[in-house]
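Asks: Sequence below, structure please.
(one chain, ligands or ions: 1)
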Amino acid sequence: MNTQDKSIRASTPITYWRIAQLLVGIIGLGIFFSLIFIPEIGIHAFWNVLIPVAPALFVVSAGLWRNVCPLASTSLISRHLGFARNKKLKVKQQGKFQLISVILLLLIIPLRHTIFDTNGPATALIIGLLAVIAIVLSFRYDWKSAWCSGLCPIHPVEKLYGRKSLFELPNAHCKSCVSCVSNCPDSTKAINPILKKKKSINEKIGGTIIVGGFPGYIWGWFHVQDYYNNEGWYHLISTYSIPLVAMTTTLVLFLFLKKIISKKNEILLVNLFAMAAVSIYYWYRLPALMGFGIFPTDGMLADLSQTLPIWFPLVLQFSTTIFFSWWMIFNKKEMSSWVIRPPYAKHKKIFS
Ligand code: SF4
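Replies: So this is what the prediction gives:
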């Protein structure tokens, strides 16, 4: 990307971002209320449209999502209006939050099979709960430190996939940087979950689990079916054990490879596992959306299995895998940050 392109994006007036945040917020509210009042539509809109688009968006521009995410915008209202308490989180506390965010992610995803994929109000309830936590935390702690770069269960996935951004966008939330978080994920070039200085042990553990374990976890998740009418509560053991066993397998493989390769190749290993995770996701998710899934009605947006030729999903599977391999491994693209760091505030905190 040339400097002129960057500066054009950097100079995008904040008003446009506020309008975008408002529009995405309205769409988010629409999906939230459809989950409660017209669950069939809400489930399709949330689980079969928004969520399948998200990983690809994180790969090409995590900053775009971070700028307009309705949960982030809602949680930061208190700060924008100037009545947040702006308490600083220590590096150790950040590490704890980031480990908890990985645990939350691993606990919530299997519950999709148990209840969320088939129950709109239950999905609305978990979104509502997360929103309340996000608002309370962002009222207490400085900027994005506690939620967007801390407890948010999507944040580890953003860091795993968002290694190479297509755009370096302006930061649509922070007017000036107060260093609310050490190694800000938004503003640090080529952020990734494990390789950086000044990491707490909890952050290292969370980062290692997400890099090494996520490919297996996703593979395992797709080999469990959706359950209806509360039947899923009787299958909780298999719903959790299949993804977790597969996760352990790829995690062990990752740790082994990390031990035998040279330090300078670690970044390649991280990219390889990140690419594997997102490719496995689309390998199973795209066919399922069109009725070609392992469990045909699970996660289906429209049944095209009688209309499309049988080879069509295979073309999609290979195309997405080739694209992610190129983008995440072979593409020599300059490593940029998700968004441009705003100017530092005068009294920024030095982390301890
Ligand atoms: S840019 Fe600065 S203030 Fe904003 S989230 Fe990053 S570290 Fe915090």
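Asks: Pull out the buried positions in stretch 61-80.
Replies: 61-76, 78-79 (16 or more other CB atoms under 10 Å). All C-beta atoms are positioned from the backbone trio N, CA, C, and that covers glycine.
Asks: check whether it contacts the ligand.
Replies: No - Stretch 61-80 stays clear of the ligand (CB under 6 Å from any ligand atom), getting no nearer than 9.1 Å.
Asks: What segments of the stretch 151-300 of the chain are strands?
Replies: All strands of the stretch 151-300 of the chain, identified by DSSP state E, counting those that start in this stretch, fall at 169-170.
Asks: What residues does it have near the ligand?
Replies: So far as CB under 6 Å from any ligand atom goes, the stretch 151-300 of the chain lies against the ligand at 171, 174, 177-181, 184, 186-187.
Asks: what number of residues lie near Ile260?
Replies: 7 (other CB atoms under 10 Å).
Asks: For it, give its distance to Ile205.
Replies: 21 Å (CB to CB, to the nearest Å).
Asks: before we move on, what about Leu316?
Replies: Leu316 is 35 Å from Ile205, by CB to CB.
Asks: So for the two, which residue has more residues nearby?
Replies: Neighbour tally, Leu316 and Ile205, criterion other CB under 10 Å: the higher count belongs to Leu316, 19 against 16.
Asks: Just the pLDDT for that one.
Replies: Predicted confidence (pLDDT) for Leu316: 96.
Asks: got the contact list for the helix or strand hosting it?
Replies: Assigned by DSSP states H and E, Leu316 belongs to helix 312-325. The contact list for helix 312-325, computed with CB atoms under 8 Å, 6 or more residues apart in numbering, reads 59, 275, 278-279, 282-283, 286-287, 290, 292.
Asks: ok, and the most crowded of those residues?
Replies: Result: Val278 is most packed of the contacts of helix 312-325 (other CB under 10 Å), 25 neighbours.
Asks: Hmm, Pro52 and that residue touching each other?
Replies: No - using CB atoms under 8 Å, Val278 is not in contact with Pro52, being 11.5 Å away.
Asks: immediately after the helix holding Leu316, which helix or strand?
Replies: In N-to-C order, the element after helix 312-325 by DSSP H and E is strand 339-340.
Asks: quick one: average pLDDT of that next one?
Replies: What strand 339-340 shows for mean pLDDT is 88.
Asks: residues in contact with the residue in the stretch 201-350 of the chain positioned nearest to the ligand?
Replies: Minimum separation of the stretch 201-350 of the chain from the ligand (CB to the nearest ligand atom) falls at Arg341, amounting to 5.2 Å. Neighbouring residues of Arg341 by CB under 8 Å, 6+ apart: 171, 177, 184, 186-187.
Asks: Output those as JSON lines; include the columns pLDDT, distance to Asn265 and neighbour count.
Replies: Shown next, in JSON lines, are the contacts of Arg341 (pLDDT from 0 to 100; distance: CB to CB, whole Å; neighbours: other CB atoms under 10 Å):
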{"residue": "Asn171", "pLDDT": "90", "distance to Asn265": "32", "neighbour count": "24"}
{"residue": "Cys177", "pLDDT": "90", "distance to Asn265": "32", "neighbour count": "18"}
{"residue": "Cys184", "pLDDT": "89", "distance to Asn265": "26", "neighbour count": "21"}
{"residue": "Asp186", "pLDDT": "90", "distance to Asn265": "27", "neighbour count": "27"}
{"residue": "Ser187", "pLDDT": "89", "distance to Asn265": "26", "neighbour count": "20"}
